[in-house]
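[1] Predicted model, plus sequence, below.
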Amino acid sequence: MKLLYFAWIRTNLGVSEESVDVPSEINDVRALLDWLVNRGESYKAVFSDLSLIRVAVNQEYVDLDNAITKGDEIAFFPPVTGG
Amino acid sequence: MKLLYFAWIRTNLGVSEESVDVPSEINDVRALLDWLVNRGESYKAVFSDLSLIRVAVNQEYVDLDNAITKGDEIAFFPPVTGG
Amino acid sequence: MIRVQREDFDMGLELAKLTKNNHKVGGLTSFVGLVRDIAAPEKISSMTLEHYPGMTEKQLEHIESIANQRWHLEASLIIHRYGKLDLGDQIVLVACASSHRGEAFEACHFLIDWLKTKAPFWKLEETASGSKWVKAIDADKDAAHRWSLK
Amino acid sequence: MIRVQREDFDMGLELAKLTKNNHKVGGLTSFVGLVRDIAAPEKISSMTLEHYPGMTEKQLEHIESIANQRWHLEASLIIHRYGKLDLGDQIVLVACASSHRGEAFEACHFLIDWLKTKAPFWKLEETASGSKWVKAIDADKDAAHRWSLK
């Protein structure tokens, strides 16, 4: 599973992209987030307020209960500010 | 009094601009129009349907009951189609 | 700023000038009207725009000042051409710059809607079978009207 | 057509290309977003736009296809830049050409409103006292929302 981080999520984590092997029971975005916050303080801090986080699976916006599988590209980013 | 005609009013009259001396009792646009239609068939035809005519006195839109005086520039034209 | 001219204009250049060195401008909305093939089923070959010199400038300045009273604009521009124009030629440019895009959009839309019913220009279409003065359309009147109702 | 690029664009050129030889186009509405001085009271010195390559293009294409379903457009264009930009620089160009100006205005306004809430771009402002990620504003969400309510 490929994880991407953008904007302050990227800078706060100090990571822009990583490949992770998650346990097979992690099958939706919410479960993935629960798993991620146990990886360290920076993850815990970044994902403490999910209202600030947007999620895309394979480059499409999804909700937290969206199913995920091994080969997915999952991106976490704040609300967008382009234009 | 200076009269200006534009678009099909100009082409139908065959006149773009003329100076006229009108009797002193002609003191609003409506009276001027009544006077003008007696100047010939082309005037009568052009001003037969006043819903098709717009009037400006000294380059400002006015209604038919707008007062006019000797030195005025009075323009007659159809609804505008620019832009 | 308003300009009435026979010559074509360079839209990119005009818009760049409009916002140059004004760092409060966040958005610039513009509209260009082009000569389109409206004389269906006949093709129009060209068009001549007549106007009322003097009154045209007054009306455009008046319309522009209303827009500037109604919306908070950093800059505004109206350029309207007259004379002979070919298919695809630029007729009019309206542009509004503002800190916020909503104001720029509304003011620009207002300007072109009002201009269409107030600025003394008349289009004469030339087709293979002769010339014809374009008729004013009710849709333009309605479009202008909605700005007074708000 | 959509484009995501680091380079600046020539607005006049892009718009001329968009309507070239299409004589059904009567009106072209466009919007340019510029880097403005929003970090008051501090002056921003520059800005960096981060984006999500791949998803950005997908989102812009999606938004553009919705506009083309909803309005009758002869042509549409979105150009969005990323990377380092200075005060006054062009960020984004949205343009819609149509036979009728109402459609061009609405579609263009829709595109920039939706783009502001959906296209994965993030602004990092650089001021004398450091860098700061720009916060999304509710006004943008509201602006996008009104298009779904119609």
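    Yep, that arrived.
[2] CA only for contacts and neighbour counts going forward, please
    OK.
[3] Assign residue 45 to one of the three secondary structure states.
    Went with chain A since none was named. helix (DSSP: H, G, I helix; E, B strand; the rest coil).
[4] Residue C:113 now?
    Following three-state DSSP, we place residue C:113 in the helix state.
[5] Report pLDDT for it.
    Per-residue confidence at residue C:113 stands at 96 (pLDDT).
[6] One more: residue C:38?
    Turning to residue C:38, the model gives it a pLDDT of 68.
[7] what's the answer for residue C:109, then?
    For residue C:109, the model assigns a pLDDT of 97.
[8] Can you check the pLDDT for residue C:41?
    64.
[9] Apologies, that question was intended for residue C:139.
    Residue C:139 is assigned 80 on the pLDDT scale.
[10] Next, the contact list for it, please.
    Contacts for residue C:139 were tallied using Cα atoms under 8 Å, 6 or more residues apart in numbering or on different chains; there are none.
[11] Need phi/psi at the most centrally placed residue in chain C.
    For chain C, the residue nearest the mean C-alpha position is residue C:92 (4.1 Å; Cα atoms, centre = their mean). Backbone torsions of residue C:92, given as degrees, to the nearest 10, read phi -150, psi 150.
[12] now residue C:81
    For residue C:81, the backbone dihedrals are phi -90, psi 160 (criterion: degrees, to the nearest 10).
[13] Same question for residue A:31.
    Dihedral angles (degrees, to the nearest 10) for residue A:31: phi -70, psi -40.
[14] and what of residue C:27?
    The phi/psi pair for residue C:27 (degrees, to the nearest 10) reads phi -150, psi 150.
[15] and the closest residue to it other than its chain neighbours, what element?
    Distance criterion Cα to Cα, 6 or more residues apart in numbering or on different chains; nearest residue to residue C:27, sequence neighbours excluded, is residue D:33 at 4.5 Å. Per DSSP states H and E: residue D:33 is located in strand D:27-34.
[16] what does that strand contact?
    Here strand D:27-34 has contacts from A:83, C:25-34, D:87-101, D:104-105, D:108, D:112, using Cα under 8 Å, 6+ apart.
[17] That one vs strand C:27-34, what angle?
    Counting by axes from the mean of the first three to the mean of the last three Cα atoms, to 10 degrees, strand D:27-34 lies at 160 degrees to strand C:27-34.
[18] Give the buried residues for the helix or strand that strand D:27-34 is followed by.
    Downstream of strand D:27-34, the first helix or strand assigned by DSSP H and E is strand D:44-51. Neighbour-count burial for strand D:44-51, counted by 16 or more other Cα atoms under 10 Å in any protein chain shown, picks out D:44, D:46, D:47, D:48, D:49, D:50, D:51.
[19] nearest to chain C, of the residues you listed?
    residue D:44 (10.2 Å; Cα to the nearest Cα).
[20] how about the strands in chain A?
    In chain A, the strands defined using DSSP state E lie at A:2-5, A:17-19, A:54-57, A:60-62, A:73-77.
[21] rewinding a little: without its sequence neighbours, what residue ends up closest to the residue nearest to the centre of chain C?
    residue C:80 (4.4 Å).
[22] Any idea what that neighbour is bridged to?
    residue C:4, residue C:92 (DSSP bridges).
[23] Around it, how many other residues sit close by?
    Around residue C:80 there are 29 other residues, counting by other Cα atoms under 10 Å in any protein chain shown.
[24] so what's it scoring on pLDDT?
    Residue C:80 is assigned 98 on the pLDDT scale.
[25] And for residue 36, the neighbour number?
    If you meant another chain, say so; for now it's chain A. Residue A:36 has 16 nearby residues by other Cα under 10 Å.
[26] To clarify, I was referring to chain C.
    Neighbour count for residue C:36, taken as other Cα under 10 Å: 22.
[27] Would you mind measuring from it to chain B?
    12 Å (Cα to the nearest Cα, to the nearest Å).
[28] Residue numbers of chain C in contact with chain B?
    For chain C, the residues found near chain B under the criterion Cα under 8 Å from any Cα of the partner chain are C:33, C:49-52, C:54-55, C:58, C:80, C:91-92, C:112, C:115-124, C:133-136.
[29] rerun at 7 Å
    Counting by Cα under 7 Å from any Cα of the partner chain, the residues of chain C close to chain B are C:33, C:50, C:55, C:91-92, C:112, C:115-123, C:133-136.
[30] which residues are contacting stretch A:72-83?
    The contact list for stretch A:72-83 (Cα atoms under 7 Å, 6 or more residues apart in numbering or on different chains) reads A:1-7, A:9, A:52-58, D:33, D:91-92, D:112, D:115-123, D:134-136.
[31] Now the buried members of those residues.
    Among these, the ones that count as buried by 16+ other Cα under 10 Å are A:2-7, A:9, A:54-58, D:33, D:91-92, D:112, D:115-123, D:134, D:136.
[32] quick one on the thing from earlier: need the contact list for the residue nearest to the centre of chain C.
    By Cα under 7 Å, 6+ apart, the contact list for residue C:92 reads B:83, C:32, C:33, C:79, C:80, C:81.
[33] and of the residues you listed, the nearest to residue A:23?
    Taking Cα to Cα as the measure, residue A:23 lies nearest residue C:32 of these, at 58.0 Å.
[34] Now the closest one: closest residue in space, sequence neighbours ignored.
    Per Cα to Cα, 6+ apart, closest to residue C:32 is residue C:93, 4.6 Å.
[35] So that neighbour is in contact with residue C:76, correct?
    No - contact status for residue C:93 versus residue C:76: not in contact, 10.5 Å apart, counting by Cα atoms under 7 Å.
[36] before we move on, back to that, and the strand holding residue D:33, what's its mean pLDDT?
    pLDDT averaged over strand D:27-34 gives 97.
[37] Would you agree residue C:88 is in contact with residue C:35?
    Yes - assessed by Cα under 7 Å, residue C:88 is found in contact with residue C:35 at 4.9 Å.
[38] between these two, who's got more neighbours?
    A count of neighbours by other Cα under 10 Å puts residue C:35 above the other of residue C:88 and residue C:35, at 23 against 20.
[39] mind checking which helix or strand residue C:97 is in?
    Taking DSSP H and E as the definition, residue C:97 sits inside strand C:90-98.
[40] ok, which pair from the contacts of residue C:92 is furthest apart?
    Maximum pairwise distance among the contacts of residue C:92 (Cα to Cα): 11.4 Å, between C:32 and C:81.
[41] For chain D, what's its nearest residue on chain C.
    With Cα to the nearest Cα, the shortest gap between chain C and chain D falls at residue C:12, namely 3.9 Å.
[42] isn't residue C:51 right up against residue C:124?
    No - shown here, residue C:51 and residue C:124 do not form a contact pair, counting by Cα under 7 Å, at 11.0 Å.
[43] Give me the phi and psi for residue C:109.
    Torsion angles, degrees, to the nearest 10, at residue C:109: phi -60, psi -40.
[44] secondary structure class for the closest residue to it other than its chain neighbours?
    Once flanking residues are discounted, residue C:109 sits nearest to residue D:105: 7.1 Å by Cα to Cα, 6+ apart. Following three-state DSSP, residue D:105 is assigned to helix.
[45] Other residues contacting the helix or strand hosting residue C:68?
    Take DSSP H and E as the rule and residue C:68 turns out to sit in helix C:55-70. Applying Cα under 7 Å, 6+ apart, the external contacts of helix C:55-70 come out as B:59, C:2, C:4, C:107, C:111, C:118, C:119, C:120.
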